[in-house]
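Engineer: Here is the input, now give the coordinates:
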Amino acid sequence: QVPPVEAGGGLVKTGDSLRLSCVISGPTDRRFAVGWFRQASGKGRQFVASVEWSDGSPYYTTSVKGRFTISRDNSKNTVFLQMNDLKPEDTAVYSCAVQPTPTEAFASWGQGTQVTVSA
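Structural biologist: Numbering: from 1, shown residues only. Coordinates of the predicted model:
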């Protein structure tokens, strides 16, 4: 499967906003959900948010609830992550991945996009 392609990262200041995008290829019948993950330097990969492709149901890790919003545009095969009120601890490489079915793990990872939040 062709990996997703992320875009939208950058260098911002505390309190700023960014909107990440993730363009997905491949069949929609192997696309139960799309998730955003992040990996800070020297740390493991962390789940950020996911959205179910069929009905748009979102899920968030606690630390981003109320600040980040995940959405999808089915017609464009794109998932967005709107990040508001960014904090230095949000600094990481953000990647998206596809969960093919409810019982499979997220796979087909993109290259990622760097988000850096300065104090």
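
Engineer: Break down the protein into its strands, ranges please.
Structural biologist: Per DSSP state E, the chain carries strands over the ranges 5-7, 10-13, 18-23, 33-39, 45-52, 58-60, 68-73, 78-83, 92-99, 113-118.

Engineer: Please list all residues in contact with the residue most central in space within the chain.
Structural biologist: Centroid check for the chain by CA atoms, centre = their mean gives residue 36 as the closest residue, at 2.4 Å. Residue 36 makes contact with 20, 22, 48-50, 70, 79, 81, 94-96 under the criterion CB atoms under 8 Å, 6 or more residues apart in numbering. Bear in mind the C-beta positions are built from the backbone N, C-alpha and C, glycine included.

Engineer: so what's it bridging to?
Structural biologist: Residue 36 forms beta bridges with residue 49, residue 96, as assigned by DSSP bridges.

Engineer: quick one: the residue sitting furthest away from the middle of the chain from residue 35, how far?
Structural biologist: What lies farthest from the middle of the chain is residue 119; by CA atoms, centre = their mean that is 22.5 Å. The span separating residue 119 from residue 35 equals 28 Å under the rule CB to CB, to the nearest Å.

Engineer: confidence score at the residue nearest to the centre of the chain?
Structural biologist: On the pLDDT scale, residue 36 is placed at 98.

Engineer: ok, residue 115 - contacts?
Structural biologist: For residue 115, the residues meeting the contact criterion (CB under 8 Å, 6+ apart) are 9-10, 12, 18, 20, 38, 83, 86, 90-94.

Engineer: neighbours around residue 1, how many?
Structural biologist: Each residue near residue 1 was counted by other CB atoms under 10 Å, and the total is 13.

Engineer: what's the answer for residue 94, then?
Structural biologist: There are 23 residues near residue 94, going by other CB under 10 Å.

Engineer: Tell me who's in contact with the nearest residue to it once chain neighbours are set aside.
Structural biologist: Spatial nearest neighbour of residue 94, chain neighbours left out: residue 38 (4.9 Å); criterion: CB to CB, 6 or more residues apart in numbering. Under the criterion of CB under 8 Å, 6+ apart, the neighbours of residue 38 are 45-46, 48, 90, 92-95, 115.
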